[in-house]
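Trainee: Below is the structure, and that's it, no one-letter string:
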């Protein structure tokens, strides 16, 4: 991990909250990467691109998108296999923050990402949403 630390005046610096699986999409949350090593900065863009931008700015300098890393989101880390850095934003947004969740209008099933919802509608929805 990089030892880069944000200035103390950065919003959210110095505090850390546990997010867990109950996070509500669209509501800002504190960074929990490597136990909030950036000072628990408040993240207001929970999209995959927003998460990746934060990781580039505060956790990985220099950025090597091809590097494989273990996900260290939260106090207990993550049990996923190592992930290519250029995909880590999508992983955090969909698995930990659930900010990419989509609900099928046909059957009500919840999907982690919009692409999995599209595949479900095209191939498997019993109500043909």
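Mentor: Arrived safely. Since this is a predicted model, take the numbers as computed values, not measurements.
Trainee: Isn't residue 121 up against residue 109?
Mentor: No. Applying Cβ atoms under 8 Å as the test, residue 121 and residue 109 come out as separate, 10.0 Å apart. Any C-beta I mention is one placed from the backbone N, CA and C, and that applies to glycine too.
Trainee: ok, residue 74 to residue 34 distance?
Mentor: 10 Å (Cβ to Cβ, to the nearest Å).
Trainee: list residues touching both of residue 121 and residue 109?
Mentor: Counting by Cβ atoms under 8 Å, 6 or more residues apart in numbering, residue 121 and residue 109 have no contacts in common.
Trainee: Quick one: the strands in the protein, in order.
Mentor: Listed in chain order, the strands of the chain (DSSP state E) span 29-30, 42-43, 68-69, 83-84, 102-103, 110-111.
Trainee: tell me the contacts of the nearest residue to residue 47 once chain neighbours are set aside?
Mentor: Spatial nearest neighbour of residue 47, chain neighbours left out: residue 93 (6.2 Å); criterion: Cβ to Cβ, 6 or more residues apart in numbering. The contact partners of residue 93, taken as Cβ under 8 Å, 6+ apart, are 46-48, 50-51, 99-100.
Trainee: are any of these buried, and which?
Mentor: Among the contacts of residue 93, those buried by neighbour count (16 or more other Cβ atoms under 10 Å) are 46, 48, 50-51, 99-100.
Trainee: which of those sit farthest apart?
Mentor: The span of the buried ones among the contacts of residue 93, defined through Cβ to Cβ, is set by 50 and 100 at 11.3 Å.
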